[in-house]
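Fold the following for me, if possible:
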Amino acid sequence: MFDALSDRLRDVLSRLTGHGRVTEDDVDAAMREVRLALLEADVNYKVVKDFVARVRERAVGAEVLDSLNAGQQVIKIVHEELTALLGAGDRTFRLVGQPAVVALVGLQGSGKTTSAAKLARHLVRQGRQPLLVAADPYRPAAIEQVLALGRSLGIPTFDAPPGTPVVKIAEGGIAQAKRTGRDVVILDTAGRLTIDEALMAEIRDVAAAVKPSETLLVVDAMTGQEAVAVAQAFGQAVPLTGLLLTKIDGDARGGAALSISAVTGLAVKFLGTGEKTDALEVFHPDRLAGRILGMGDVLTLIERAQDNLDAAAAQKAAEKLRKNAFTLEDFLEQMQQVKKMGPLDQLIGLIPGMGGMAKEAQGALERGELKRVEAIILSMTPQERSDPSLLNASRRRRIATGSGTTLPDVNRLIKQFAEMQKVMRMVAKGGGRRPPITIGR
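Residues are numbered from 1 along each chain as shown. Reported below is the predicted structural model:
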């Protein structure tokens, strides 16, 4: 979502770091471009004006401009102010009560139902025992969607007979949770295509009846500044405690995500980063600011690895690498492990200094390069994966046909893997430079 903004900001700020000494004119020129970049990204005008003013005020201070690393100091200031902009409001996620009640509210199509399932899965990982409540009796198949998501995750659900008032559904879900020992109730409430008084009245009634410890507004981040207006309208009707932004992986300009907390005072507590039920992140403003400025986000990368990678398999692969016994079978297994962590372009964007390569990674995915590599290895026999020296011309032709690729594709992969093995031998012996390795191109 922030690719275009990130590219612009990195370009502007990188010019400052190449200056050595930085003058007030340099800062003013950079701030004009930062201002334009933020406005083009659909960030609220007043938010942009205040942000640029704060950065400039700090950046033109004598102790910054007189320093030898003034460009780096300005980048640090931009990062701190961007973090403050994103981090408005109280981001504490409170689960109070037996059971604690979390109500998800928002317009239809914002992603409430999927977000309810994502949040339930997240809470299970935290050691909680959630119950999903289908409290949207209006949207066709809404109840069935909640039940299906609950079954797929192994999380119990509650629904009521047709015609049951929404308040009664919520109260019934809480009673069910108490009977079955569930400690969190997640209400997937009804939405509308537009904000209307009937929707707001219903949400007010539910809030008054069950007193949620958290009432999260689910907002589609791709709707631009309309998302800010939606948040303001819901905030006037019901005591919201925070925001859950969905579709943060989309290709919209991202201005709403940057503006919404500053304008409404509501904290973003979670980000929906994809369609799968594990694509939910706790929101950390400093981490997102780092991603936008191309500084990476190592902590999120580590958390994804801990959640998705098999530690024993990773240790085994590391040992094989050390002993120069790493095979194509191992390489395939590691590729499949990494795919569990999320889209490749997202992962590369989390590595410090690699943000600019995210588009290149996405391009490789779109060209199908990694799928070709996987298809080629899967078309080999176990013996061939373990010992590529068996791959004579006839075997390579068979693999190309079986994988739907070409003979040059197969030859290229085998050659690149052989080069990688040479590097591993050099590393194992503790000497030599490590040449760059590219698998799949």
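
use CA for all of it now, contacts and neighbours both
Noted.

how about Val282, what does it touch?
If you count contacts by Cα atoms under 8 Å, 6 or more residues apart in numbering, Val282 has them with 269-271.

Lowest-confidence one in those residues?
When it comes to pLDDT, Leu271 is the least confident member of the contacts of Val282, at 88.

On the three-state scheme, it is what?
Reducing the assignment to helix, strand or coil with DSSP: H, G, I helix; E, B strand; the rest coil, the entry for Leu271 is strand.

repeat for Ala207
Following three-state DSSP, the label given to Ala207 is helix.

likewise Pro137?
For Pro137, the secondary-structure state derived from three-state DSSP is coil.

what separates it from Gly235, distance-wise?
For Pro137, the distance to Gly235 (Cα to Cα, to the nearest Å) stands at 23 Å.

neighbour-wise, which of those two wins?
In this comparison of Pro137 against Gly235, neighbours counted by other Cα atoms under 10 Å, the higher total goes to Pro137 at 20 against 17.

and that one, what does it touch?
Pro137 sits next to 143, 162-163, 166, 190 when contact means Cα under 8 Å, 6+ apart.

Quick check, pLDDT for it.
pLDDT, Pro137: 88.

Look up how far Pro212 lies from it.
As it turns out, when the distance is counted by Cα to Cα, Pro137 lies 20 Å from Pro212.

do the same with Gly111
Using Cα to Cα, we find Gly111 at a distance of 20 Å from Pro212.

ok, now Gly97?
Between Gly97 and Pro212 the distance, using Cα to Cα, works out to 9 Å.

Need the phi and psi values for Thr246.
In terms of degrees, to the nearest 10, the main-chain angles of Thr246 are phi -100, psi 170.

Okay, and the beta partners of the residue nearest to it when sequence neighbours are not counted?
Here the nearest residue to Thr246 in space, its sequence neighbours aside, is Gly272; by Cα to Cα, 6 or more residues apart in numbering that works out to 4.4 Å. Per DSSP bridges, the residues bridged to Gly272 are Leu280.

Just confirm Gly272 contacts Leu243, I think it does.
No. With contact defined as Cα atoms under 8 Å, Gly272 does not reach Leu243; the gap is 10.9 Å.

more neighbours, these two?
Counted by other Cα under 10 Å, Gly272 and Leu243 do not tie: Gly272 has more neighbours, with 28 against 25.

List the residues that contact the more buried one.
Contacts of Gly272 by Cα under 8 Å, 6+ apart are 115, 244-249, 279-281.

same deal with Ile399?
In this structure, Ile399 makes contact with 376, 379-380, 410, judged by Cα under 8 Å, 6+ apart.

want to try JSON lines for those residues, with secondary structure as columns?
As requested, those are exported to JSON lines (three-state DSSP):
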{"residue": "Ile376", "secondary structure": "helix"}
{"residue": "Ser379", "secondary structure": "coil"}
{"residue": "Met380", "secondary structure": "coil"}
{"residue": "Val410", "secondary structure": "helix"}
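
what are the ranges of the helices in the stretch 151-300 of the chain?
With DSSP state H, counting those that start in this stretch, the ranges of helices along the stretch 151-300 of the chain come out as 166-180, 197-210, 226-237, 255-264, 285-292, 298-308.

returning to that earlier point: which PyMOL command selects the buried ones in the contacts of Gly272?
In PyMOL syntax, the buried subset of the contacts of Gly272 is picked out as below (16 or more other Cα atoms under 10 Å):
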select buried, resi 115+244+245+246+247+248+249+279+280+281
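
tell me the domain ranges of this protein?
According to the domain assignment given by automatic domain parsing, the chain is divided into the following structural domains: 3-86, 100-293, 304-429.

rank these by pLDDT, which is bottom?
Lowest mean pLDDT within the domains of the chain: domain 304-429, at a mean of 73.

check contacts around Val146.
113, 117, 132-134, 157.

circling back to that earlier point, nearest to Thr92 among the domains of the chain would be which one?
Each of the domains of the chain was scored for nearness to Thr92 using Cα to Cα, and the closest is domain 100-293 (7.6 Å).

Isn't Asp42 up against Gln225?
Yes. Contact status for Asp42 versus Gln225: in contact at 7.0 Å, counting by Cα under 8 Å.

rewinding a little: rebuild the domains of the chain as CSV, extending it with distance to Thr92.
CSV is the format used below for the domains of the chain (distance: least, Cα to Cα, whole Å):
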stretch, distance to Thr92
domain 3-86, 14
domain 100-293, 8
domain 304-429, 21
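
hey, which of these is tucked in deepest?
Per-stretch averages of neighbours, counted by mean count of other Cα atoms under 10 Å, single out domain 100-293 among the domains of the chain, with a mean of 20.

First-to-last residue distance for that domain?
End residues of domain 100-293 are separated by 37 Å (Cα to Cα).

Against Val124, how distant is Asp278?
11 Å.

Only alpha carbons, please: show stretch 178-198 as PDB.
Coordinates of each C-alpha in stretch 178-198 appear next as PDB, following Å, rounded to 0.1, in the frame of the first residue of the first chain:
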ATOM      1  CA  LYS A 178     -19.900 -18.700  30.300                       C
ATOM      2  CA  ARG A 179     -21.400 -22.200  30.000                       C
ATOM      3  CA  THR A 180     -18.500 -23.500  28.000                       C
ATOM      4  CA  GLY A 181     -15.700 -21.700  29.700                       C
ATOM      5  CA  ARG A 182     -14.700 -19.500  26.800                       C
ATOM      6  CA  ASP A 183     -12.900 -16.300  28.100                       C
ATOM      7  CA  VAL A 184     -13.300 -14.000  25.100                       C
ATOM      8  CA  VAL A 185     -16.400 -13.300  23.000                       C
ATOM      9  CA  ILE A 186     -15.900 -11.800  19.500                       C
ATOM     10  CA  LEU A 187     -19.100 -10.200  18.100                       C
ATOM     11  CA  ASP A 188     -19.300  -9.900  14.300                       C
ATOM     12  CA  THR A 189     -21.900  -7.200  14.100                       C
ATOM     13  CA  ALA A 190     -24.000  -6.200  11.100                       C
ATOM     14  CA  GLY A 191     -22.900  -3.500   8.700                       C
ATOM     15  CA  ARG A 192     -24.600  -1.400   6.100                       C
ATOM     16  CA  LEU A 193     -23.600  -0.200   2.700                       C
ATOM     17  CA  THR A 194     -23.700   3.400   4.100                       C
ATOM     18  CA  ILE A 195     -23.900   4.900   7.500                       C
ATOM     19  CA  ASP A 196     -27.500   5.100   8.600                       C
ATOM     20  CA  GLU A 197     -29.300   5.800  11.900                       C
ATOM     21  CA  ALA A 198     -30.700   2.200  12.100                       C
END
